[in-house]
Each structure stands twice: as structure tokens, then as C-alpha cells.
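Participant: sequence unknown, structure follows:
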């Protein structure tokens, strides 16, 4: 039985996620997303889908990237 590192729930169906060489344990995908999802560099929302990355910055969409001065970004090819 594992313990979720976000909510502290002891759960017999917990799971582990390895990210950047670290192992994290969660009781739900909701907690995993809360802990691990990056945040948009413009609007601060959680980036759960593909998002847009320019250099080290991650944005939820091309519109946010453009508002931060990024050029040549698009949500679709």
C-alpha cells in the first residue's frame, strides 16, 4: 500500500511515476497532474496537453507564447 505524496492518502492501488530521475507516488492521475504538470509561462495554467515550448519556456498555447514575444509559434502545423 502506497501513500500519495500530494494528498497523503494510503491506497492499495497507488502508482509510481518516474520523471527526471525521481520517483513519485500517487493515488490518482489528478494528484500526479497537480504535482508534475508544467505551468504556462504567461497565464500560469497547468499544461496538460502538448503545449508550446520555446527554449526552456512552456506555454499552454501559441497565443500565450506570442503575447510573451515569441515568434514563429503555432498551435497546429
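Facilitator: Cool, the structure landed. Just so it is clear, the model here is predicted, and its values are computed rather than measured. Numbering: from 1, shown residues only.

Participant: For residue 20, see how far away the spatially closest residue to residue 31 that is not a sequence neighbour is.
Facilitator: Leaving aside its sequence neighbours, residue 31 sits nearest to residue 6 (C-beta to C-beta, 6 or more residues apart in numbering; 3.9 Å). Any C-beta I mention is one placed from the backbone N, CA and C, and that applies to glycine too. Residue 6 sits at a distance of 17 Å from residue 20 (criterion: C-beta to C-beta, to the nearest Å).

Participant: where along this protein do the strands fall?
Facilitator: 2-3, 10-11, 15-19, 22-26, 52-54, 57-59 (DSSP state E).

Participant: From the chain's centroid, how far away is the last one?
Facilitator: Yep, that's strand 57-59 we're talking about. 11 Å (C-alpha atoms, centre = their mean, to the nearest Å).

Participant: What ranges does the protein have for its helices?
Facilitator: Ranges of helices in the chain, per DSSP state H, are 29-36, 62-67.
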